[in-house]
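Student: kindly generate the corresponding structure for this input.
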Amino acid sequence: MTSMIKINGVVPVMLTPFSSENFVDEASLDRLIDWYLAQDCGALFAVCQSSEMQKLALKERLSLAKFVVKKTAGRIPIVASGHIGTLIEDQCTELAAMCETGIDALVLVTNRLAENNEGLPVFRQNLQKIMSSIPSDMPLGLYECPAPFRRLISDDELKFCLDTGRFVVLKDVSCDLEIVERRLEIVKGSEFSIINANAAIAFDAMRAGSKGFAGVFTNFHPDLYAWLYKNMNSDAPLVRDLVNFLALSACAEPMGYPGLAKIYHQKIGTFGTIRSRVIGDDIREKHWAIDAIVDHIHSGAEIFRRRIAEHAVHGRVTY
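Tutor: Have a look, this model is predicted:
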């Protein structure tokens, strides 16, 4: 029987800092985790696409998860994925090893379970092979990772996962509010959390029942998403202003993410370098004025932090 754990709130998709020699930079990683912990996060997604897992060796993926588990020391749940193999047998090996790192839940990537043109029978067969190869008490999650291709799970596949009693969370990457709402109806009454990852629909998804947010801009201002989640039922002008700021800020994602986020973390002193294994281009050359954009996002977030602080004291804001 799976030992159930609740995954909700803001769940940052963790970055992986690299040294100038292209090794995982543990000093920067240590600072990054401290930063996440100070941002009112509900959990951390330690090995995922934002972590550049497709460019990490298995040993690196496992070391990354172990480092995060040790550093957080049980303060918040840690989930991780990290299966990138094509063959199910290879994925079983990767996932069984990840289960030994001390993580609180193991997240399965939907595009590894079946191809886009393969339906429930293949999905179910592969999933059953994986479940039989890992501890039966390990809570599981699902992640519609966009790389190497985005595979949205069907309603029947979601129902199958729910019926196993082993799944606790889906990181929804549908970017479609109707799909989010339909999935929420499917899992209604269970402990299965649907957590949206799209900033444009984040607020409406929260109000519909999404248990938080897990988009890439959790690497810029997770505290603002956390405040929004806690205040989603408020009709205060501050809430609507914040919703607009968060959605517009996230439009910068195509400008070299995760390198974009690494520029931000270098600016605030978290990272030593902006090195990335998935971004081969010089993003400052490819995306002109990217530093100015990052600075505007940062200054905008600071304005909202001041407004939130004023709102907490006076119940209103004056600007």
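Student: what residues sit buried inside stretch 238-248?
Tutor: L238, V239, L242, V243, F245, L246, A247 (16 or more other Cβ atoms under 10 Å). Any C-beta I mention is one placed from the backbone N, CA and C, and that applies to glycine too.
Student: I misspoke; the intended subject was stretch 68-83.
Tutor: Neighbour-count burial for stretch 68-83 flags V68, V69, K71, T72, I76, P77, I78, V79, A80, S81, G82, H83 (criterion: 16+ other Cβ under 10 Å).
Student: run through the strands of the stretch 201-319 of the chain in chain order.
Tutor: In the stretch 201-319 of the chain, the strands defined using DSSP state E, counting those that start in this stretch lie at 212-213.
Student: got any ranges where the protein has weak pLDDT?
Tutor: Applying pLDDT under 70 to the chain flags residues 1-3, 315-319.
Student: which elements pack onto the lengthiest helix in it?
Tutor: In the chain, assigned by DSSP state H, the helix with the most residues is helix 290-314. Judged by 3 or more Cβ pairs under 8 Å, 6 or more residues apart in numbering; DSSP states H and E, the packing partners of helix 290-314 are helix 222-230, helix 237-249, helix 259-267, helix 283-286.
Student: determine which of the ones you listed approaches L62 most closely.
Tutor: L62 sits nearest to helix 259-267 of all the helices and strands packed on helix 290-314, at 22.5 Å, using Cβ to Cβ.
Student: and that closest one, C-alpha only, in CSV?
Tutor: C-alpha atoms of helix 259-267 as CSV (Å, rounded to 0.1, in the frame of the first residue of the first chain):
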residue,chain,number,x,y,z
GLY,A,259,19.6,30.1,-19.4
LEU,A,260,17.2,33.0,-18.8
ALA,A,261,16.6,31.9,-15.3
LYS,A,262,20.3,31.3,-14.7
ILE,A,263,20.9,35.0,-15.7
TYR,A,264,18.5,35.9,-13.0
HIS,A,265,20.1,33.7,-10.4
GLN,A,266,23.6,35.0,-11.3
LYS,A,267,22.3,38.5,-10.8
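Student: tilt between that helix and helix 290-314?
Tutor: Put simply, helix 259-267 runs at 70 degrees to helix 290-314, going by axes from the mean of the first three to the mean of the last three Cα atoms, to 10 degrees.
Student: include distance to D156 when you put the helices and strands packed on helix 290-314 into a markdown table, please.
Tutor: Converted to a markdown table, the helices and strands packed on helix 290-314 look like this (distance: least, Cβ to Cβ, whole Å):
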| stretch | distance to D156 |
| --- | --- |
| helix 222-230 | 30 |
| helix 237-249 | 32 |
| helix 259-267 | 36 |
| helix 283-286 | 41 |
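Student: L56: which of these is closest?
Tutor: Checking the helices and strands packed on helix 290-314 against L56 by Cβ to Cβ gives helix 259-267 as the closest, at 15.5 Å.
Student: other SSEs contacting that closest one?
Tutor: Identification of packing neighbours for helix 259-267 by 3+ Cβ pairs under 8 Å, 6+ apart yields helix 26-37, helix 283-286, helix 290-314.
Student: any idea which of those gets closest to N219?
Tutor: That would be helix 26-37 among the helices and strands packed on helix 259-267, by Cβ to Cβ, at 8.9 Å.
Student: after the closest one, next one along is what?
Tutor: Once the chain leaves helix 26-37, the next helix or strand it forms, by DSSP states H and E, is strand 44-45.
Student: in stretch 274-282, which residues are buried?
Tutor: For stretch 274-282, by 16+ other Cβ under 10 Å, it's I274, R275, S276, V278, I279.
Student: out of those, which is nearest to P139?
Tutor: Closest to P139, out of all of those and judged by Cβ to Cβ, is V278, at 28.3 Å.
Student: how many neighbours does A312 have?
Tutor: A312 sits with 9 neighbouring residues when counted by other Cβ atoms under 10 Å.
Student: quick one on the thing from earlier: turn the buried residues of stretch 238-248 into CSV, including distance to Y36.
Tutor: Formatted as CSV, the buried residues of stretch 238-248 follow (distance: Cβ to Cβ, whole Å):
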residue, distance to Y36
L238, 24
V239, 24
L242, 20
V243, 22
F245, 21
L246, 18
A247, 22
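Student: picking up where we left off before, from the chain's centroid, how far away is the longest helix of the chain?
Tutor: Chain-centre distance of helix 290-314: 22 Å, with Cα atoms, centre = their mean, to the nearest Å.
Student: run the angle between that helix and helix 237-249 for me.
Tutor: 170 degrees.
Student: how far off helix 222-230 does helix 290-314 point, in degrees?
Tutor: Using the same axes, to 10 degrees: helix 290-314 against helix 222-230 is 40 degrees.
Student: what distance do you get for I279 to A114?
Tutor: Per Cβ to Cβ, to the nearest Å, I279 is found 29 Å from A114.
Student: returning to that earlier point: looking at the helices and strands packed on helix 259-267, which one is packed in the most?
Tutor: When the helices and strands packed on helix 259-267 are scored by mean count of other Cβ atoms under 10 Å, the highest mean neighbour count falls to helix 26-37 (a mean of 18).
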